[in-house]
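1. only the shape, not the letters, is given here:
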Ligand SMILES: *Cc1c(COP(=O)(O)O)cnc(C)c1O
């Protein structure tokens, strides 16, 4: 008799987005004339930069001739892309990362989800709350947690991000082996400055821990003093892995390209206390289970680093950030406390009521769809997340409807 991996039974039904879809559908059915505005999802809405499209087309044409055709590429990605990333994303910001420390992949979701595989089952995990659910669920699947009890999994160190701590969690009191951090944060939109990141790097060095740093939103940082990469912090090369993605920075959510940086200085230990290179272990894992990103997609990603492409990608990000500024200003003017929106496409709003009640209020009275904070963890209760990924017109309309609904 075939048996399942029992850890899958511990997983909570990911009811967040299906519950939202259900409530939206019910409202739409009852009010067929009402036009809904969706500011809930974390997906971009604008087309790919023109430079990426041109590069994409040319690469497809190359595949049409026997001379230029490419079969399997290197599992780690083509040097033309890895070299540009090392130079432009890292070296130009004073972060020491070499091209062969970069692993190209088809998404930061897969990479942040898969990376835990190379650590032992008894690894002690620290995860922020609220959080992008991938980090938590993949550790549940791997058997690193107990059961779900009173809204939380047993055997996880939760890093509470609250209004009181400015959504910047304290260092854990008990030793954590593997620490997930995400800045600019999804869902709170908050960023970490150099001092905050340094305290985490120092903690990890003292405890011989590893930080998994998700920088999927680094392109949205507008203040040059905020680090874009954890490698801008001294010592981070020994203890941090960084995840990046072209999804939000250049509109690649449907095209799929991302990368993970594993410095050769990062070590993990066997039961005898001997050190092993994380880079070698991840290389082994990646080349065993992954066969590389499509050649045309890597050419399209390379174009993000051209003069034209980088300008176009920046225009995309600026466009969403103007929406974020409008949302933030309107919400603040209404007297609500909020975070994010300055270096992130997300605005995290203290609703002064239950998340789902606030969600229903905006849905039923304003026809605007947001995301209830409770779906991101226990600390998200009482918050909602509004996303800036939409057209300017829809954002303006949504905000004027919200204003009419919430005017105090
Ligand atoms: C959108 C997002 C990503 C990017 O995922 P891809 O798989 O590269 O599209 C990664 N981390 C967080 C927190 C995100 O919100």
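-> It's in. In this text, all values refer to a predicted model and were calculated from it rather than measured experimentally.
2. what's the helix or strand for the residue lying closest to residue 153 once chain neighbours are set aside?
-> Excluding its sequence neighbours, the residue lying closest to residue 153 (Cβ to Cβ, 6 or more residues apart in numbering) is residue 145, at 4.0 Å. Quick note: C-beta positions are derived from backbone N, CA and C, even for glycine. For residue 145, there is no enclosing helix or strand under DSSP states H and E.
3. burial of residue 145, as a residue count?
-> 21 (other Cβ atoms under 10 Å).
4. now do whatever residue of the chain ends up closest to the ligand against residue 371, distance only.
-> The ligand sits closest to residue 107 of the chain, with a gap of 2.8 Å, by Cβ to the nearest ligand atom. Taking Cβ to Cβ, to the nearest Å as the measure, residue 107 falls 20 Å from residue 371.
5. quick one: which of those two has more around it?
-> Neighbour count, other Cβ under 10 Å: between residue 107 and residue 371, residue 371 has more, with 25 against 21.
6. for beta bridges, what are the partners of the more buried one?
-> residue 385 (DSSP bridges).
7. can you tell me which residues contact it?
-> 16, 20, 40-41, 187, 359, 384-387 (Cβ atoms under 8 Å, 6 or more residues apart in numbering).
8. quick check: residues of the stretch 201-350 of the chain near the ligand?
-> Neighbours of the ligand within the stretch 201-350 of the chain, by Cβ under 6 Å from any ligand atom: 214, 216, 245, 247-248, 253, 258.
9. among those residues, which ones are buried?
-> With burial judged by 16 or more other Cβ atoms under 10 Å, the buried subset of those is 214, 216, 245, 247-248, 253, 258.
10. so which of these are in strands?
-> 214, 245, 258 (DSSP state E).
11. let's have those in CSV, adding pLDDT.
-> Shown next, in CSV, are these (pLDDT from 0 to 100):
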residue, pLDDT
214, 98
245, 98
258, 98
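12. of those, closest to residue 311?
-> Distance to residue 311 across those (Cβ to Cβ) is lowest for residue 245, with 19.8 Å.
13. the closest one contacts residue 252, correct?
-> Yes. Residue 245 is within contact range of residue 252, at 7.2 Å (criterion: Cβ atoms under 8 Å).
14. overlap in contacts of these two?
-> residue 258.
15. any regions of the stretch 1-150 of the chain where pLDDT drops low?
-> 14 (pLDDT under 70).
16. ranges for the helices of it?
-> 15-30, 50-62, 79-84, 108-114, 134-141 (DSSP state H, counting those that start in this stretch).
17. using JSON lines, lay out these together with mean neighbour count and distance to residue 294.
-> Shown next, in JSON lines, are the helices of the stretch 1-150 of the chain (neighbours: other Cβ atoms under 10 Å; distance: least, Cβ to Cβ, whole Å):
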{"stretch": "helix 15-30", "mean neighbour count": "13", "distance to residue 294": "27"}
{"stretch": "helix 50-62", "mean neighbour count": "17", "distance to residue 294": "9"}
{"stretch": "helix 79-84", "mean neighbour count": "18", "distance to residue 294": "12"}
{"stretch": "helix 108-114", "mean neighbour count": "21", "distance to residue 294": "15"}
{"stretch": "helix 134-141", "mean neighbour count": "20", "distance to residue 294": "23"}
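18. could you export those as a markdown table, including distance to residue 72?
-> Below are the helices of the stretch 1-150 of the chain laid out as a markdown table (distance: least, Cβ to Cβ, whole Å):
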| stretch | distance to residue 72 |
| --- | --- |
| helix 15-30 | 35 |
| helix 50-62 | 15 |
| helix 79-84 | 15 |
| helix 108-114 | 19 |
| helix 134-141 | 27 |
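19. and the strands in the stretch 51-200 of the chain?
-> 102-105, 125-129, 148-149, 152-153, 157-160, 178-182 (DSSP state E, counting those that start in this stretch).
20. got these as a markdown table, with mean neighbour count and distance to residue 264 columns?
-> Putting the strands of the stretch 51-200 of the chain into a markdown table (neighbours: other Cβ under 10 Å; distance: least, Cβ to Cβ, whole Å) gives the following:
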| stretch | mean neighbour count | distance to residue 264 |
| --- | --- | --- |
| strand 102-105 | 24 | 12 |
| strand 125-129 | 23 | 24 |
| strand 148-149 | 10 | 38 |
| strand 152-153 | 18 | 33 |
| strand 157-160 | 18 | 28 |
| strand 178-182 | 24 | 19 |
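21. ok, which pair from the buried ones among the residues of the stretch 201-350 of the chain next to the ligand is furthest apart?
-> Among these, 214 and 253 lie farthest apart (Cβ to Cβ), at 15.4 Å.
22. wait, residue 181 sits on residue 213?
-> Yes. Contact status for residue 181 versus residue 213: in contact at 5.3 Å, counting by Cβ under 8 Å.
23. need the overlap of contacts for these two.
-> residue 230.
24. I'd assumed residue 13 was in contact with residue 375.
-> No. Counting by Cβ under 8 Å, residue 13 is not a contact partner of residue 375; they are 11.6 Å apart.
25. these two - which one has more neighbours?
-> Set side by side, residue 375 and residue 13 show more neighbours around residue 375, with 22 against 7, by other Cβ under 10 Å.
26. quick check, residue 403 in contact with residue 330.
-> Yes. The pair residue 403 and residue 330 passes the contact test of Cβ under 8 Å, sitting 6.2 Å apart.
27. quick one: which of these two has more around it?
-> For residue 403 versus residue 330, neighbours defined as other Cβ under 10 Å are more numerous around residue 330 (20 against 14).
28. what comes into contact with the host helix or strand of residue 301?
-> Assessed by DSSP H and E, residue 301 sits inside helix 295-302. Contacts of helix 295-302 with the rest of the structure, by Cβ under 8 Å, 6+ apart, involve 48, 52-53, 55-56, 58-60, 62-63, 70, 73, 77-78, 80-81, 84, 104, 246, 250, 252, 255-257, 293.
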